[in-house]
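J.: got a structure for you, letters missing:
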RNA sequence: GGCGUCGUAGCCAAGUGGCUAAGGCAGCGGAUUGCAAAUCCGCCAUCGCGGGUUCGACUCCCGCCGACGCCUCCA
């Protein structure tokens, strides 16, 4: 099967061939842990997850690594991010978003980072982000890789030795972009064309100390930085870009990896700098063969931002805080019903990673419908084969599964793959064992029906005691509804149906009586 | 200014130089139903605009318009 992706490095679709047959090494830029991760973060992360799962479906042994950025990074002229986070924690504690006792000392950056790291892992696991289950071995923290020969300090030393870095008048260690002729290849910029400070974020004072305006910081001596380490260049902290170069190399154990992923905004400067650092340190002509970037997510046709009120963390969505138009007033209200993680996952992966996806409440409801159908379909297959429980194996030679996979092999065409899967679900399933085997393979990539299949018992992880109690209550109403229906007492029956709906369940009439199921959203 | 992605029905979204332009949601009509829901059957687009190439373009080329991202915080 021909596998191809759009490679940001060359700006074209290229056939993918792993460096080692049957093995794929992937590195994804992970979250900063100063706050809860939002749905835009997860759009990018889940795209990486989809890619990883696709490779596994096609028989590859995947080593996927994603970092946790837990070093506070000084933005020139602004407060340290970790300090900002400390202040935010204090506010969040008051509002209850950060539970009492979760962070004993808001002044301790390690406690803050640790709290948000755990919160991230929890969200990521609920969303079926596989690598989050491989913490900590494949989810390294930047703070664990500062020191040592294999750490950031070691790589910076190497860069100094090889003439790719220098120490400026003020003691700051900079990477010299002029020492690396390939600088700019990924972003399509050349040193001449990079308009210095087009984004208006660089202070003039620092620029004057550099040999070239494009030079970027590797180490900054600073006694006052909230997180600091000893180094040959004084006590201070590492630059933002160096951590990914170091962790990719040390965890994956290769100088050159197959695939590097991230959000499109990371292309410049972050990934450009990673390439310069890694190649500068290893002497290789490349860092990753494929650079694959996910586009930004929009919310209700606008850029997601806190000021527009359309900024959602993953847990905001789970908790039903997505705003929808109120039918009566036309204003915006919170949808109020919790959203199943499978629905959010599906919503975030169902459109192509390289298009601007528009996250909407309507789309979320759409996704809930689709997930519902998939789950129902799976249930019907399992019911049919319940008697003898035999299973069969299926491989990609199966026509439907083969077509599904071929779609994904073409630059991760999820929509195309769903265009194969959904009509197939509607079709005739005379061999339920085979159909279930096919569905399981599809679900090993989509991971929505159910989520996290094969990793954990999702039902155990996701169903709280109160969920179970609610379900039992609704079931009881359904039973009473059946009794009323037998007596043709329609008003009573309808009243129970209303109660069931109001509690967040749907009720279906079947030959065996009323059957309830939880609504996946709204 | 530089670099890049994109523009397909009410919405989401595939795809192809020429058979009927996937699929989903919503909607409409019908079956079913105590009424609904669920389910089933049916209906529902000429592909941003203007040129060009071609026997033939939504698909290739040129121009234009528009959207979006990056150009040292950002997934």
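T.: Perfect, I can see it now. Here the structure is a predicted model, which means the values were calculated and not measured.
J.: give me the neighbour count for residue A:40.
T.: By the measure other CB atoms under 10 Å, the count of residues near residue A:40 is 23. Yep, even glycine has a C-beta here, placed from its N, CA and C like the rest.
J.: need the phi and psi values for it.
T.: phi -70, psi -40 (degrees, to the nearest 10).
J.: what does residue A:2 give?
T.: According to degrees, to the nearest 10, residue A:2 has phi -80, psi 130.
J.: check contacts around it.
T.: Residue A:2 is in contact with A:15, A:409, counting by CB atoms under 8 Å, 6 or more residues apart in numbering.
J.: so how far is RNA strand B from it?
T.: With the distance defined as CB to the nearest atom of the strand, to the nearest Å, residue A:2 ends up 12 Å from RNA strand B.
J.: residue A:105 now?
T.: Distance, residue A:105 to RNA strand B, using CB to the nearest atom of the strand: 24 Å.
J.: Three-state assignment for that residue, please.
T.: Under DSSP: H, G, I helix; E, B strand; the rest coil, residue A:105 falls in the coil class.
J.: residues contacting residue A:514?
T.: Contacts of residue A:514 were listed using CB under 8 Å, 6+ apart, and they are A:478, A:479, A:481, A:482, A:485, A:507, A:508.
J.: meant to ask about residue A:47
T.: Here residue A:47 is in contact with A:261, A:294, A:349, A:353, A:412 (CB under 8 Å, 6+ apart).
J.: out of the residues you listed, who's nearest RNA strand B?
T.: The closest of the contacts of residue A:47 to RNA strand B turns out to be residue A:294 (CB to the nearest atom of the strand; 6.0 Å).
J.: just the strands in the stretch 1-150 of chain A please.
T.: A:4-7, A:12-15, A:23-28, A:61-66 (DSSP state E, counting those that start in this stretch).
J.: any chance of the ones you listed in CSV, with mean neighbour count too?
T.: Formatted as CSV, the strands of the stretch 1-150 of chain A follow (neighbours: other CB atoms under 10 Å):
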stretch, mean neighbour count
strand A:4-7, 18
strand A:12-15, 12
strand A:23-28, 24
strand A:61-66, 21
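J.: put together CSV for the contacts of residue A:47, with pLDDT and distance to RNA strand B on each row.
T.: Converted to CSV, those look like this (pLDDT from 0 to 100; distance: CB to the nearest atom of the strand, whole Å):
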residue, pLDDT, distance to RNA strand B
A:261, 94, 8
A:294, 89, 6
A:349, 92, 11
A:353, 89, 9
A:412, 92, 10
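J.: so where's the stretch 351-500 of chain A shaky on pLDDT?
T.: A:387-389, A:456-465 (pLDDT under 70).
J.: which bits of it sit near RNA strand B?
T.: Listed as neighbours of RNA strand B in the stretch 351-500 of chain A under the rule CB under 7 Å from any atom of the strand: A:351-352, A:354-358, A:360, A:362-363, A:365-366, A:369-370, A:373, A:376, A:407, A:410, A:413, A:415-416, A:418-419, A:422-423, A:426, A:485, A:490, A:493-494, A:497.
J.: turn the buried ones among those residues into a named PyMOL selection, would you?
T.: In PyMOL syntax, the buried subset of these is picked out as below (16 or more other CB atoms under 10 Å):
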select buried, chain A and resi 351+352+354+357+360+363+365+366+370+407+410+413+416+418+485+493+497
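J.: next step: the residues of the stretch 351-500 of chain A next to RNA strand B restricted to strands.
T.: A:357, A:358 (DSSP state E).
J.: so who does whatever residue of the stretch 351-500 of chain A ends up closest to RNA strand B touch?
T.: Residue nearest to RNA strand B within the stretch 351-500 of chain A: residue A:419 (2.2 Å; CB to the nearest atom of the strand). Contacts of residue A:419 were listed using CB under 8 Å, 6+ apart, and they are residue A:407.
J.: that one and residue A:350, how far apart?
T.: For residue A:419, the distance to residue A:350 equals 11 Å [CB to CB, to the nearest Å].
J.: repeat that for residue A:244.
T.: For residue A:244, the distance to residue A:350 equals 28 Å [CB to CB].
J.: pick out whichever of those two has more residues nearby.
T.: Set residue A:244 next to residue A:350 and count neighbours by other CB under 10 Å: residue A:244 wins out with 28 against 18.
J.: am I right that that one is in contact with residue A:66?
T.: No: taking CB atoms under 8 Å as the definition, residue A:244 is not a contact partner of residue A:66, at 10.0 Å.
J.: contact residues of the stretch 201-350 of chain A facing RNA strand B?
T.: So the stretch 201-350 of chain A meets RNA strand B at A:201-202, A:213-216, A:240, A:262-270, A:294-297, A:303-304, A:350 (CB under 7 Å from any atom of the strand).
J.: narrow these to just the buried residues.
T.: Of all these considered here, the ones buried according to neighbour count by 16+ other CB under 10 Å are A:214-216, A:240, A:262-264, A:266-267, A:269-270, A:294-295, A:297, A:304, A:350.
J.: point out where chain A drops to low pLDDT.
T.: In the predicted model, chain A carries pLDDT under 70 at residues A:73-80, A:193-206, A:326-331, A:387-389, A:456-465, A:521-522.
J.: show me it divided up by domain.
T.: Using automatic domain parsing, the domains assigned to chain A come out as A:1-152+A:176-198+A:241-294, A:299-459, A:463-518.
J.: okay, these in CSV with distance to residue A:168 next?
T.: What follows is the domains of chain A, written out as CSV (distance: least, CB to CB, whole Å):
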stretch, distance to residue A:168
domain A:1-152+A:176-198+A:241-294, 10
domain A:299-459, 35
domain A:463-518, 55
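J.: any idea which of those domains is most buried?
T.: domain A:1-152+A:176-198+A:241-294 (a mean of 19; mean count of other CB atoms under 10 Å).
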